[in-house]
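Asker: sharing a model prediction with you, sequence too.
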Amino acid sequence: MDRIDLHIHTTASDGTDFPCAAAEKAARLGLRAIAVTDHDNASGVEEAIKRGRELGLEVIPGVELSTDWRGHKAHLLGYFIDAASPALAPALNWAVTEREERNAKMVALMQRDGFDISIPDLMEEFPGTVLGRPHMAEHLMRKGYVSSVKEAFNKYLADGMPYCLPKGRLELGRAIDCIKGSGGVAVLAHPLQYGHDEKTLLRFIDDAKLLGVSGLEAVYSEHSPEDEALVRRLAAERGLCITGGSDYHGTRKAGLEMGIGFGSMFAGYDLLEGLKKAAGKI
Ligand code: AMP
Ligand code: ZN
Ligand code: FE
Ligand code: FE
């Protein structure tokens, strides 16, 4: 079966592979198609598509939006998007500005406590990137304040820790409208990641469907076979399609390879065909 990976981060957000390198890696691994789904922006998409074309690799333009569902975090994947569309561009700009404002405030808090960190330093260290907490964590490690990224999160940057500030999130329904308005389809990323109890999970998925989501990410690197079966069943019961992706972040998620989940699970091209049907592309 032709393998695909519809959830890949590049240096456009917090992955470590440049977009062209991600395409090269996918081709080297023999994947037939990938989607570049950076957090809150699609600035890596064009380069990956271009390199993919040279390599005979299909690259789907995507994005992963941080959204809010009834006060809970919900990651939303958009596929076949047009990031320049007037339906989507303002939302992406807003998300990036939110992030920049949050980064500036977090860095100011750290500076006040004597840490040697600044936005210009981070931008120099991670060029062409939409900065986030993982970059700050690596900077703190490089400066010797902590001995690992894990320690940086545990001590300073994890949710609820002193230097983690909240950032505004798009409301789920609005984010779905933006993606669809740009010609794309919306899919709930890793729906089991939020620790919802069963009742909340069903409500989450039913709400998302009502709001216009077309699919659920069933094949996922952190899913057990039981998790995958559950998401497949929930999708089938609701007439939603399923997608699959690794959430590859390069060396920033150690041990997680592109195109391959844990164990023997992988996503086949049939999932992309289902998604294309949902998107009205075939
Ligand atoms: P941000 O988008 O700036 O809020 O950063 C979120 C990213 O930070 C996530 O995608 C994770 O990769 C990473 N992250 C969040 N919490 C932790 C944690 N407790 N330990 C390690 N990495 C984390
Ligand atoms: Zn990420
Ligand atoms: Fe995510
Ligand atoms: Fe992701």
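Answerer: Sure thing, it's come through. Ligands and ions are numbered 1, 2, ... in the order given.
Asker: centroid-wise, who is the farthest residue in this protein?
Answerer: Centroid-distance maximum for the chain: residue 114 at 32.4 Å, with Cα atoms, centre = their mean.
Asker: so how far is ligand 3 from that one?
Answerer: 33 Å (Cβ to the ion, to the nearest Å). Every C-beta, even on glycine, is put in place using the N, C-alpha and C of the backbone.
Asker: same check, this time on residue 108
Answerer: From residue 108 over to ligand 3 the distance is 27 Å, taken as Cβ to the ion.
Asker: for the remainder of this discussion, apply numbering that starts at 23.
Answerer: With 23 as the first residue, the last one maps to residue 130.
Asker: which stretch of helix or strand covers that residue?
Answerer: helix 111-134 (DSSP states H and E).
Asker: residue in the chain nearest to ligand 3?
Answerer: Residue of the chain nearest ligand 3, by Cβ to the ion: residue 97 (3.7 Å).
Asker: please name the nearest non-neighbouring residue to that residue.
Answerer: Spatial nearest neighbour of residue 97, chain neighbours left out: residue 211 (3.9 Å); criterion: Cβ to Cβ, 6 or more residues apart in numbering.
Asker: who's in contact with the one you found?
Answerer: Residues near residue 211 by Cβ atoms under 8 Å, 6 or more residues apart in numbering: 29, 86, 97-99, 239, 269.
Asker: now do the SS call for residue 137.
Answerer: coil (DSSP: H, G, I helix; E, B strand; the rest coil).
Asker: give me every residue that touches it.
Answerer: So residue 137 contacts 162, 165, 167 (Cβ under 8 Å, 6+ apart).
Asker: could you report the neighbour count for residue 197?
Answerer: 28 (other Cβ atoms under 10 Å).
Asker: and residue 53, by the same measure?
Answerer: Burial of residue 53 is recorded as 24 neighbouring residues (other Cβ under 10 Å).
Asker: quick one, what contacts it?
Answerer: 24-27, 79, 280-281.
Asker: ok, so of the residues you listed, who is nearest ligand 4?
Answerer: For the contacts of residue 53, the nearest to ligand 4 is residue 27 (11.5 Å; Cβ to the ion).
Asker: residue contacts, residue 144?
Answerer: 125, 129, 153, 157-158, 161.
Asker: checking the nearest residue to residue 269 once chain neighbours are set aside next. Helix, strand or coil?
Answerer: Leaving aside its sequence neighbours, residue 269 sits nearest to residue 29 (Cβ to Cβ, 6+ apart; 5.0 Å). Here residue 29 is recorded as strand under three-state DSSP.
Asker: same check on residue 196?
Answerer: Reduced to three states with three-state DSSP, the structure at residue 196 is helix.
Asker: that's a strand at residue 209, yeah?
Answerer: Yes. Checked against three-state DSSP, residue 209 lies within a strand.
Asker: circling back: just the buried residues from the contacts of residue 53, in PyMOL please.
Answerer: The PyMOL selection below is limited to those of these classed as buried (16 or more other Cβ atoms under 10 Å):
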select buried, resi 25+26+27+79+280+281
